[in-house]
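Student: Build the 3D model from these lines:
(one chain, ligands or ions: 8)
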Amino acid sequence: DEIGDAAKKLGDASYSFAKEVDWNNGIFLQAPGKFQPLKALKAIDKMIEMGAAADPKLLKEAAEAHHKAIGSISGPNGVTSRADWDAVNAALGRVVASVPKAKVMAVYDSVKDITDPKVPAYMKSLVNGPDAEKAYQAFLEFKDVVAKNQVTTASAPAVVPSGDKIGVAAKALSDASYPFIKDIDWLSDIYLKPLPGKTAPETLKAIDKMIVMGAKMDGNLLKAAAEAHHKAIGSIDAKGVTSAADYEAVNAALGRLVASVPKSTVMDVYNSMAGIVDSTVTNNMFSKVNPLDAIAAAKGFYTFKDVVEASQ
Ligand code: DGD
Ligand code: CLA
Ligand code: CLA
Ligand code: PID
Ligand code: PID
Ligand code: PID
Ligand code: PID
Ligand code: PID
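Tutor: Ligands and ions are numbered 1, 2, ... in the order given. Predicted coordinates for the structure are as follows:
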């Protein structure tokens, strides 16, 4: 297709740049400017809306392309192969083309809003400048091909199941865990801190398992879960906590999503995450909430998971 061909040209002009970026640099975990959690949540909400509007099949293919690209990483900078670099660009170009332009620009504008204007120049200073310019010039040509192939209306909203066992169980889970949710400091910057003692390649390996799980999920249920998050963001209070009803809808949506993939795929995520998150992290989280609320929530979760497993 045209986007695939354009991605090869983009690769010709941008792979040198890709090789110069230190993808293992911990700086990419930091906020791109002042830490402003509510504004950042707004930007993430725009990404969620864009993801919910995207063609689920193309999203799945983009996740698969990333998984493949992780498999071909080489060298100290963590760069993927030339072929996989092109494949990721093509896949993301197709995702972008599957949503109306305004949804893409809403992401750009909201991310710009939380990005210190000095950030791009600093990023450029870490690589060979002319290679970055060449890559950007090629991106501008690529985006014209994407725009030419872009839809003008969003895809239909998801079909949301109702009256199912997971939906019923989600109410019990939510009743048992909402006090715990209210104890959590959602606006803290602690969630952007590096995991103690873990390198980027180690962390990426665990993220790869999530990408694999995402690629296996039912596309309609993933879209429904994204829509539930978007709605939940719309009802947050000043501390970032969503309403009880929207929290319940998110739990139901995520339970159904988990049920749409094999158990072993879920356990791969759990085991890989458990391998990089040590007990100092979980103990620290526990120390910041009411312990009784946390225990009640955990009990609710372990009951919920049996219902999910039964429909898996
Ligand atoms: C950049 C963008 C990259 C900067 C990276 C910051 C993004 C960080 C995202 C963090 C997000 C949040 C959360 C994630 C999850 C957290 C979970 C806990 O370097 C601009 C200005 C605005 C920059 C900021 C906006 C970036 C938006 C990127 C899209 C969002 C993606 C989402 C990312 C999130 C995660 C994904 C899953 O646009 O951009 C560089 C540009 O900066 C440079 O400016 C441009 C001008 O816009 C353009 O008009 C033009 O002037 C150009 O061109 C210069 O510079 C000139 C000529 O006109 C060209 O023809 C050509 O010759 C060129 O020069 C060659 O040099
Ligand atoms: Mg990403 C984008 C890393 C998984 C879907 N992703 C980005 C970039 C960053 C990144 C490179 C955001 C920061 C930025 O804009 O830099 N993703 C990244 C990693 C992983 C991952 C490390 C780990 C596996 N992504 C992943 C998965 C999905 C996505 C699983 C779902 C399928 N990702 C996704 C989307 C987008 C990203 C939809 C974006 O739009 C965003 C992005 O790239 O925006 C431009 C700048 C970008 C780069 C350095 C890489 C692109 C290089 C281009 C083609 C040429 C360079 C141009 C110039 C020099 C700089 C960019 C200017 C900008 C205004 C366009
Ligand atoms: Mg999430 C999970 C935040 C958007 C899909 N997401 C998580 C949690 C964290 C979170 C609370 C990961 C950390 C953790 O496990 O804490 N998501 C979060 C935010 C946003 C967002 C802030 C922003 C809008 N997500 C989002 C979107 C999608 C997803 C758009 C795609 C539709 N998210 C998604 C999935 C999963 C998450 C599929 C998870 O599996 C993971 C999670 O919650 O795993 C348990 C602990 C969790 C909580 C504090 C909240 C849940 C409370 C449960 C139901 C009860 C508490 C049990 C116990 C006390 C603690 C957990 C024990 C553990 C062993 C299970
Ligand atoms: C400027 C000036 C003009 C010239 C110009 C110019 C530049 C404009 C630009 C630009 C626009 C632009 C847009 C970009 C958009 C990037 C969008 C990224 C989206 C990320 C998402 C992440 C996610 C997910 C995901 C799916 C999940 C939801 C999420 C589901 C269902 C200034 C050059 C024209 C770069 C969507 C993917 C996993 C949130 O206009 O003179 O330069 O860049 O998890 O969805 O699960
Ligand atoms: C524009 C203007 C509007 C019209 C428009 C428009 C276009 C927007 C577009 C577009 C946005 C867009 C985004 C793209 C982003 C591509 C990102 C590629 C990333 C590739 C990576 C590869 C890799 C790996 C990996 C992980 C490793 C690092 C690597 C570590 C730690 C402008 C059409 C709406 C194409 C990250 C995955 C293995 C490098 O908005 O008027 O057209 O395209 O090895 O991580 O090692
Ligand atoms: C300039 C002027 C214009 C011309 C121009 C220009 C240059 C702009 C540039 C540039 C922008 C730019 C951006 C780059 C972005 C790279 C983003 C990489 C993201 C990597 C990640 C990796 C990671 C992980 C991971 C998970 C870990 C955390 C991490 C935990 C819990 C100035 C040329 C346009 C290079 C996210 C995945 C392992 C961080 O604009 O005229 O030149 O470069 O380790 O999670 O640990
Ligand atoms: C233990 C001991 C026994 C008792 C027991 C027990 C506990 C087991 C547990 C547990 C398992 C477990 C699993 C959990 C799994 C969470 C999985 C989260 C996945 C997140 C994903 C994120 C993403 C995306 C997304 C889609 C994108 C890709 C991504 C596309 C196509 C120990 C109690 C049985 C909590 C997939 C969603 C946006 C990466 O066994 O005695 O306690 O918890 O962006 O994909 O866009
Ligand atoms: C298990 C054992 C196997 C069988 C199995 C199994 C089950 C795994 C499961 C499961 C995993 C799972 C995960 C669920 C997670 C739910 C997470 C809910 C999160 C809700 C949030 C709501 C919110 C917001 C929001 C953003 C705001 C904060 C809030 C800010 C900054 C165990 C079946 C495989 C259900 C985050 C979105 C508005 C709070 O593996 O043997 O069954 O379920 O307002 O952000 O303000």
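
Student: Please list the residues of this structure that sit near ligand 3.
Tutor: Listed as neighbours of ligand 3 in the chain under the rule C-beta under 6 Å from any ligand atom: 44, 48, 173, 177, 180, 225-226, 229, 233, 251, 254, 257, 294, 297-298, 301. C-beta coordinates here come from the backbone N, C-alpha and C atoms, glycine included.

Student: Now do the helices in this protein.
Tutor: 2-20, 37-53, 56-71, 82-97, 101-112, 119-125, 129-148, 165-183, 200-216, 219-233, 244-259, 263-276, 279-287, 291-310 (DSSP state H).

Student: Ramachandran angles for residue 25?
Tutor: Main-chain torsions, residue 25, degrees, to the nearest 10: phi -70, psi 130.

Student: how deep is it tucked in, by neighbour count?
Tutor: 13 (other C-beta atoms under 10 Å).

Student: Please give me every residue in contact with the residue in the chain that ligand 5 sits nearest to.
Tutor: Relative to ligand 5, the nearest point of the chain is residue 78 (2.8 Å; C-beta to the nearest ligand atom). Contact analysis of residue 78 by C-beta atoms under 8 Å, 6 or more residues apart in numbering lists 22, 23, 24, 200, 201, 204.

Student: Need the pLDDT of the closest residue to ligand 4 within the stretch 201-312 of the chain.
Tutor: Closest residue of the stretch 201-312 of the chain to ligand 4, C-beta to the nearest ligand atom: residue 226 (3.7 Å). Here the pLDDT value assigned to residue 226 is 98.

Student: these two touch, right, it and residue 50?
Tutor: No - using C-beta atoms under 8 Å, residue 226 makes no contact with residue 50, being 9.3 Å away.

Student: re earlier: got the contact list for the residue nearest to the residue of the stretch 201-312 of the chain closest to ligand 4 when sequence neighbours are not counted?
Tutor: Spatially, and ignoring its direct neighbours in sequence, residue 226 is nearest to residue 52 (3.9 Å; C-beta to C-beta, 6 or more residues apart in numbering). By C-beta under 8 Å, 6+ apart, residue 52 lies in contact with 157, 158, 223, 226, 227, 230.

Student: Could you report the separation of residue 312 from residue 169?
Tutor: Per C-beta to C-beta, to the nearest Å, residue 312 is found 13 Å from residue 169.

Student: For residue 167, give me the pLDDT.
Tutor: What the model reports as pLDDT for residue 167 is 98.

Student: From the structure, what's the count of residues near the nearest residue to residue 312 once chain neighbours are set aside?
Tutor: By the measure of C-beta to C-beta, 6+ apart, the closest residue to residue 312 outside its immediate chain neighbours is residue 259, 4.8 Å from it. Using other C-beta under 10 Å, residue 259 has 21 other residues around it.

Student: pLDDT score for residue 45?
Tutor: pLDDT, residue 45: 98.

Student: Spatially nearest residue to it, not counting backbone neighbours?
Tutor: Spatially, and ignoring its direct neighbours in sequence, residue 45 is nearest to residue 233 (4.7 Å; C-beta to C-beta, 6+ apart).

Student: quick one: contacts for residue 62?
Tutor: Applying C-beta under 8 Å, 6+ apart to residue 62 gives the contacts 88, 91, 92, 94, 95.

Student: Wait, the second one touches residue 61, no?
Tutor: So the one you mean is residue 91. Yes - the criterion here is C-beta under 8 Å, and residue 91 meets it with residue 61 at 5.5 Å.

Student: And the two? Which one has more around it.
Tutor: Using other C-beta under 10 Å as the criterion, residue 91 and residue 61 rank with residue 91 on top: 24 against 17.

Student: contacting residues around the more buried one?
Tutor: Neighbours of residue 91 in contact, by C-beta under 8 Å, 6+ apart: 58, 61, 62, 64, 65, 66.

Student: Just confirm the fourth one contacts residue 215, I think it does.
Tutor: Yes - the pair residue 64 / residue 215 is scored as a contact, 5.0 Å apart, by C-beta under 8 Å.

Student: So what's the residue count around residue 275?
Tutor: As a burial measure, residue 275 scores 12 neighbours (other C-beta under 10 Å).

Student: oh sorry, the question was meant for residue 58
Tutor: Look at residue 58: counted by other C-beta under 10 Å, it has 19 neighbours.
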